[in-house]
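Undergrad: please work out how this folds:
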Amino acid sequence: MIIIAEKINGSIPSCGKAIATRDEEYISNLAKAQADAGASFIDCSASVNEGELETLRWMIDTIQSATDCPISIDSPDASVLLDAMAYCKKPGLFNSVSGEGGKIDLVFPVLAKPENSGWDVMILLCDDTGIPKSAGKRIEVFDMAMAKAGEYGIDEKRIHIDPLVEMLCTTDDGHGISVVLEVMRHIKSTHPKVHISGAISNISFNLPVRRIVNQAFAVFAINAGMSSAVLDPLNQDLRGVIYAAEAMMGYDDFCAEYTSAYREGVFGVKK
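TA: Numbers count the residues shown, from 1 in each chain. Predicted coordinates for the structure are as follows:
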């Protein structure tokens, strides 16, 4: 599983306070802890209304002072992210673009440049109408994005697709998860090299004992093809469930990765 470590995000109150006060120690310690726990990318989201680029620059510099783990630069403003790329010492994850407006045509030409070939990109399956309610409409956005990727020469292995995981409690018939899983299965069957991603914890907002809902969703999502996820790498229970699910799907010969992760203390450590 490609792990996009979620904890450096200004929408989290404790992190938002650290960003506002420019608490370098807090951010650098959090970056190092997530990297040491096995993060593939450190997500970096300012979540501020003003001065976003300057804030992202400070955050990126602080993270890079603590770890050389690649950064997921995260903002709904694609123009800000294009500028923020220059502050990263190594290629990371461009998080994100979508079918809204002209974001893809703004970003893909830049990512297609040879000097940016090491960058991955997260694509959200929403468009100018918002989040499509049906799997079919989200798949239409996906198909459009993949056609654009082909047009600009963006290798499918660089692409992470977020099918838009929503709160389970917003529907009374399980509609939300069935839509997401249908989209995941379509992506897996038609473009197996693409990384299926998403924020696992989104599923459990406003529900009690959220960790149980997150763990259950992770199993369903891995079964449907998820290979990249925004999550807390310090969450041992979730990490263990992911390793177990991948082994059960046949992705882990002789359970070697599961066993190694346990021995390394990734999960199963007494607290």
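Undergrad: residues touching the worst-scoring helix or strand of the chain on mean pLDDT, excluding its own?
TA: In the chain, the helix or strand scored least confidently by mean pLDDT, DSSP states H and E is helix 175-190, which has a mean of 92. Outside helix 175-190, the residues that touch it by CB atoms under 8 Å, 6 or more residues apart in numbering are 125, 133-135, 138-139, 142, 161, 163-168, 170, 194, 196, 198, 203, 217, 220-221, 224-226. For glycine as for every other residue, the C-beta is placed from the backbone atoms N, C-alpha and C.
Undergrad: do you know how far residue 163 is from residue 192?
TA: 15 Å (CB to CB, to the nearest Å).
Undergrad: residue 38 too?
TA: Residue 38 is 24 Å from residue 192, by CB to CB.
Undergrad: swap in residue 97?
TA: 21 Å.
Undergrad: who has more neighbours, the two?
TA: Per other CB atoms under 10 Å, whichever of residue 97 and residue 192 has more neighbours is residue 97, with 24 against 11.
Undergrad: show me the contacts for that one.
TA: Shown in contact with residue 97 (CB under 8 Å, 6+ apart): 78, 103-104, 106-108, 121-124, 145.
Undergrad: same thing but at 7 Å, please
TA: 78, 103-104, 107, 121, 123 (CB atoms under 7 Å, 6 or more residues apart in numbering).
Undergrad: buried residues, the helix or strand harbouring residue 260. List them.
TA: Per DSSP states H and E: residue 260 is located in helix 256-263. Neighbour-count burial for helix 256-263, counted by 16 or more other CB atoms under 10 Å, picks out 257-258, 261.
Undergrad: name the residues that touch that helix?
TA: With CB under 7 Å, 6+ apart, helix 256-263 has contacts from 243-244, 247, 252, 267-268.
Undergrad: pull up the distance across stretch 12-26, start to finish.
TA: 13 Å (CA to CA, to the nearest Å).
Undergrad: that stretch: how far from the chain's middle?
TA: 21 Å (CA atoms, centre = their mean, to the nearest Å).
Undergrad: same deal with stretch 193-211?
TA: 10 Å.
Undergrad: number the residues from 414 up from this point.
TA: OK, 414 is where the count begins now, so the last one is stretch 606-624.
Undergrad: so for it, mean pLDDT?
TA: Stretch 606-624 carries an average pLDDT of 96.
Undergrad: can you list contacts of the helix or strand following the least confident helix or strand of the chain?
TA: The C-terminal neighbour of helix 588-603 among helices and strands, as given by DSSP H and E, is strand 608-609. For strand 608-609, contacts defined as CB under 7 Å, 6+ apart pick out 415, 572-574, 597, 600-601, 638-641.
Undergrad: would CSV of those with neighbour count and secondary structure be doable?
TA: Output for those, formatted as CSV (neighbours: other CB atoms under 10 Å; DSSP: H, G, I helix; E, B strand; the rest coil):
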residue, neighbour count, secondary structure
415, 16, strand
572, 23, strand
573, 26, strand
574, 27, strand
597, 25, helix
600, 24, helix
601, 16, helix
638, 20, coil
639, 30, strand
640, 18, coil
641, 23, strand
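Undergrad: could you single out the nearest of the residues you listed to residue 623?
TA: Nearest to residue 623 out of these is residue 639 (CB to CB; 18.2 Å).
Undergrad: mind listing what the closest one touches?
TA: 597, 609, 611.
Undergrad: my guess is residue 415 contacts residue 643, does it?
TA: No: Residue 415 is not in contact with residue 643 according to CB atoms under 7 Å; the separation is 9.9 Å.
Undergrad: for the contacts of residue 510, which single residue is the most surrounded?
TA: residue 536 (30 neighbours).
Undergrad: returning to what we had before: adding distance to residue 506, write the contacts of strand 608-609 out as CSV.
TA: CSV is the format used below for the contacts of strand 608-609 (distance: CB to CB, whole Å):
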residue, distance to residue 506
415, 9
572, 11
573, 7
574, 13
597, 19
600, 18
601, 20
638, 19
639, 16
640, 14
641, 9
